[in-house]
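> no sequence on this one, just coordinates:
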């Protein structure tokens, strides 16, 4: 039985009527519709992404050949009726390998981004919310992980564990988690001070409930935006690792691997480098566009403008993810105290 | 303020310790060592190999090696490369300028391009040009930079029978050669940043140009150009500098492929080769150097914000 | 007004384009029809160096073959050398610093008569003094005192004496037929006494007797060598300078060759070589390292020789060479470019046929009718190594063997091979001489990855070392190969790859060398100098 706080004490209240089933789903779809209408580029990106996901899921059924099968009589064939994208230097069908490559990239991208997002957010939120000793220790460890240059970490892991798709995911997750941690923590710190959170605490709500109901929903926007941008980065990172030979091992069909294998045939068989490049670019591109559109759409107007204003003309997508928490925090405070940025104070936001 | 600064420095030290221990431990986990690598194809006996290992100190326990390294580091000696017996610090410092040049120039190119695209997009807001430019900017971001570099290199060689110089020359010694060698790598690295800058420029300009503050300034009769440049940009300076610092730290390690492709003797290549060669002193020193750079930058950022916002200093908002 | 300007501009552009085309054609035509002419001095040769030499230049402290390749025959010279030239097809030992030699009947005494007109480079502290037998003695005595490098090559040598300034006598414990080959090998350069005694740092500086002098080294950028003006062979070298930039990326090498910035580049990729061959470049096919396959009998099911046999017979090695390497040799353990003892392709195919049916039969006999799963540890040096592994994987799958690929970097690969931590391993084996090949399988050798332990093999090896007659020795080597292929079945070098040197048409008289023979650079000249 819940209780409502009044000036004279507490008064028992019957719990609020539960909304009809499926309301959440309907609300989600409505949000989606709004998004698609206000962000046409984002909508296009979303469609492209759906296309990729579909291709990746249906890969075994829609690819004309086995991506590993070597047709030794048809080595380095140009695109033709049998092989719409030609064959590679071992006689494998490039179209089939590209389709399965979508799978590899998607698996690596989704797993890496998903795990780092969840892990980083969990660490950042708990560390930011409970503060003090825990925060001190945990954040130093995260700092240490982030301080080691990415290439060193990735090389280490590839060499110690051996190159494989699984180890690529592990390596990239380790490198990326601190970024999610930072943004989650900064957002937590910001939200923690909000009146509605203090109110919830005052009514005796316990930490997990507060975190789940108040803190997390308000940081979802930033985290998701970062997620889509990171996803794009992960796909590119995987291709670079494969190019260096420390990513997905042959004969895995991976776009990055196909790229590095195709480099030497730039004149004889340009399709070997063009096809994976284009596929890679379109995939990364759609995630980038989606991220941009999400950021435009989800972030509250002034929140974004303050961030953008401070970061101004200098770039640093990665930097933004690292700094965003500090910047956001600092500029919010600036804005509300009428400091350097100058602008109207930001109204408190009730939880969505 | 003093307390805050000291706290930040203390944290920095803790982080550095963690990084050092981490690097030492992980080098031991990695199979193979420099001695095996050096002696391959020579038919050398096992005792000889072990003797060499002893010489390098590779068979001492981890903490002994760590201790010795720290003792040396405090005196400014970061160890000697297993391979060419050069002091690591010399190796590293010789290469830093190259990577810094690459990184800085790439940032400049990306910023310049991004600014142009962003300003045009903001001015033609809502039109086809705007959308087309945004797509163009993001497209460049989506192609891996080494692919761009590769395609450019091959295109120039095939169509114009031109390729960049093979040997790195200092810009002070031979500017033309240096410029020719850096042209393609800088462009390839810079296009990645272009999109982010364009995006931020565009939205920042749109916000600025429409805000109350700017409307007031305009009402005062200030020229449009001053409006844009002076008042909107003023806020950026702190963030600009801090972003620059962090960007540099990241760039120092992330340019491996491009460096190898164009024969640029930079730190990315150094550390990549050192890990493959199991050249422990170099790996350890480089990692710790980068980490230190990163930590120092973070500390500086935090201090800058503490200066700007007193609430941070008093530790109210965060630990 | 505007129209005329536009027309003018268009005409100008058209003219430029046409002249570019025309100029290109003219260039090509004149390039191909360049007069043969006589060798002439002058010019700078830009020769690619694939990786930096990290370990210093001192042959007494490093065993890196690329170091040797950089300076052997170029800066330093040896007692004897391998012949190179337009018609050389096998290894032949010719005089170098030693102008003649005599071997005693029992094979235990080698007397070398040294050239009398040789001087060291005119650099302090050696200052161009005459080369004497004293330097040879000092070199080999210093080698004997080392622990880490190639001293095993002269292991049976008891003493090295210099009865006079131009004679050196090697006394051996027993007859040792590979000695001359090892003396011609790129590792055994003759060093000046001053260097061996520490008067200059041989790690950083190389002062030799060779046709070129080390001029400059910019780490990770390039090495520069300048002509030795006092070289004892008059008129040589032709080149004024050799520049060796360090370039590891094949795309960059190709681009540089096309633009003319690079004169000579090497690659193991036949496709790159072929695409450049059509464009006015010369491609030299040089025999390279053998591909090595190690099967570890300590890992089941490879303890059964039938399984090892099935493994090798399931794979179409010949097809693999054709499709992936372009030019290759189907070999046993001895390289055909080095020794006539190498088994011919037909002989190899008889001992090791491509027969998937037989492979399946053998597996059934070994109790594995449905095949089995295993892992191949692939040491990745070139991309061809990786493609070959995939080819092998595909062939094995057809007989039921599911082989997973593990890519490792060289350091990990070496370590795991030495600790026998693999089931099957594939790499490239950088050995040349037959004796070197067998040395790998001796019990105390670090490179005995599969722990070969065969008494009969060792007996044959000992006999080969004391057999002075070349033909009889080759017979022994043949028997050893047959034994490895049919009885031991643990180590195979199924194909030998070729490397492709690509050079532009201005480079003349650059001949093959199977063993880092650097002295041939003294004969190279440029047609446009």
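On my side now, so go ahead. Keep in mind the model is a prediction, meaning the values are calculated, not measured.
> Now do the same for residue B:81: its pLDDT.
At residue B:81 the predicted local distance difference test score is 71.
> Roughly how far does it sit from residue B:288?
Distance, residue B:81 to residue B:288, using C-beta to C-beta, to the nearest Å: 15 Å. The C-beta positions use only the backbone N, C-alpha and C, and glycine is treated the same way.
> which residues sit in contact with the residue in the stretch 401-529 of chain C that chain A sits nearest to?
Proximity to chain A, evaluated over the stretch 401-529 of chain C using C-beta to the nearest C-beta, is greatest for residue C:407 at 4.8 Å. Each residue near residue C:407 by C-beta atoms under 8 Å, 6 or more residues apart in numbering or on different chains is listed here: A:162, A:163, A:245, A:249, A:250, C:378, C:380, C:386.
> Same check on residue A:169?
A:107, A:108, A:111, A:112, A:115.
> Let me have those in a markdown table, adding neighbour count as columns.
Listed next are the contacts of residue A:169 as a markdown table, based on neighbours: other C-beta atoms under 10 Å in any protein chain shown:
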| residue | neighbour count |
| --- | --- |
| A:107 | 17 |
| A:108 | 27 |
| A:111 | 18 |
| A:112 | 27 |
| A:115 | 18 |
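> Return the subset of the residues you listed lying in helices.
In this view, these that belong to helices under DSSP state H are A:107, A:108, A:111, A:112, A:115.
> Now do the phi/psi pair for the nearest residue to the third one once chain neighbours are set aside.
Spatial nearest neighbour of residue A:111, excluding adjacent residues (C-beta to C-beta, 6 or more residues apart in numbering or on different chains): residue A:169 at 5.0 Å. For residue A:169, the backbone dihedrals (degrees, to the nearest 10) come out as phi -60, psi -50.
> What's the separation between residue A:169 and residue B:26?
According to C-beta to C-beta, residue A:169 stands 19 Å off from residue B:26.
> Repeat that for residue C:408.
Using C-beta to C-beta, residue C:408 is found at 17 Å from residue B:26.
> the more surrounded of the two?
Neighbour count, other C-beta atoms under 10 Å in any protein chain shown: between residue C:408 and residue B:26, residue C:408 has more, with 25 against 18.
> Got the confidence number for the more buried one?
For residue C:408, the predicted pLDDT is 85.
> now residue C:404
91.
> List the residues that contact it.
By C-beta under 8 Å, 6+ apart, the contact set of residue C:404 is C:373, C:374, C:375, C:376.
> residues near the first one, how many?
Read that as residue C:373. By other C-beta under 10 Å, 10 other residues sit near residue C:373.
> hmm, back to that, which two among the contacts of residue C:404 are spaced furthest apart?
For the contacts of residue C:404, the maximum inter-member distance is 11.2 Å, found between C:373 and C:376 (C-beta to C-beta).
> shared neighbours, those two?
Contact criterion C-beta under 8 Å, 6+ apart; residues shared by residue C:373 and residue C:376: C:403, C:404.
> wait, what's in contact with residue B:264?
Each residue near residue B:264 by C-beta under 8 Å, 6+ apart is listed here: B:98, B:99, B:102, B:168, B:181, B:182, B:185, B:258.
> Show me the shaky parts of chain B.
Along chain B, segments meeting pLDDT under 70 span B:29-65, B:72-78, B:82-85, B:196, B:199-200, B:203-215, B:217-218, B:222-254, B:305-319.
> Could you list the domains of it?
Domain assignment of chain B by automatic domain parsing yields the ranges B:2-73, B:95-318.
> Before we move on, what's the pLDDT of residue A:56?
For residue A:56, the model assigns a pLDDT of 89.
> secondary structure element for it?
Secondary structure assigned from DSSP states H and E places residue A:56 in helix A:40-57.
> Other residues contacting that helix?
If you take C-beta under 8 Å, 6+ apart as the criterion, helix A:40-57 is touched by A:35-37, A:62, A:99, A:102-103, A:105-107, A:282-283, A:285-290, A:292-294, A:296-297, B:131, B:134-135.
> Check whether stretch C:488-502 comes near chain B.
No: Stretch C:488-502 is not in contact with chain B by C-beta under 8 Å from any C-beta of the partner chain; minimum separation 13.5 Å.
> just to revisit the earlier point, for chain B, state which of the contacts of residue A:169 is nearest.
Distances from chain B to the contacts of residue A:169, taken as C-beta to the nearest C-beta, are shortest for residue A:108 (14.4 Å).
> Check the contact between residue C:408 and residue C:378; I expect there is one.
Yes: judged on C-beta atoms under 8 Å, residue C:408 makes contact with residue C:378 at a distance of 7.0 Å.
> count of residues packed around the residue in the stretch 51-200 of chain A positioned nearest to chain B?
Residue nearest to chain B within the stretch 51-200 of chain A: residue A:149 (3.3 Å; C-beta to the nearest C-beta). Counted with other C-beta under 10 Å, residues neighbouring residue A:149 total 26.
> Any chance of the backbone angles for it?
According to degrees, to the nearest 10, residue A:149 has phi -60, psi 140.
> For the stretch 251-352 of chain A, give the residue positioned nearest to chain C.
For the stretch 251-352 of chain A, C-beta to the nearest C-beta, closest residue to chain C: residue A:251, 4.8 Å.
> right, and that residue touches residue C:390 too?
Yes: the criterion here is C-beta under 8 Å, and residue A:251 meets it with residue C:390 at 4.8 Å.
> The top strand by length along chain C: how far from the chain's middle?
When chain C is parsed with DSSP state E, its longest strand is strand C:282-295. On the basis of C-alpha atoms, centre = their mean, to the nearest Å, strand C:282-295 sits 9 Å off its chain's mean C-alpha point.
> Please state the offset of the helix or strand just after it from the chain centre?
Per DSSP H and E, the first helix or strand lying C-terminal to strand C:282-295 is helix C:305-313. Centroid separation between helix C:305-313 and its chain, computed with C-alpha atoms, centre = their mean, is 30 Å.
> Can you spell out which helices and strands pack onto helix C:305-313?
Helix C:305-313 sits against strand C:282-295, helix C:356-365, with contacts defined as 3 or more C-beta pairs under 8 Å, 6 or more residues apart in numbering or on different chains; DSSP states H and E.
> right, and the ones you listed - which one's nearest chain B?
strand C:282-295 (9.6 Å).
> got the angle between that closest one and helix C:305-313?
Orientation of strand C:282-295 against helix C:305-313 (axes from the mean of the first three to the mean of the last three C-alpha atoms, to 10 degrees) gives an angle of 160 degrees.
> next one: the strand or helix carrying residue A:171 to chain centre, how far?
Element membership for residue A:171 (DSSP H and E) is helix A:165-192. Centre-to-centre, helix A:165-192 and its host chain are 10 Å apart (C-alpha atoms, centre = their mean).
> for that helix, what is the average pLDDT?
The average pLDDT for helix A:165-192 rounds to 83.
> On the C-terminal side of it, identify the next helix or strand.
For helix A:165-192, the following helix or strand on the C-terminal side (DSSP H and E) is helix A:195-202.
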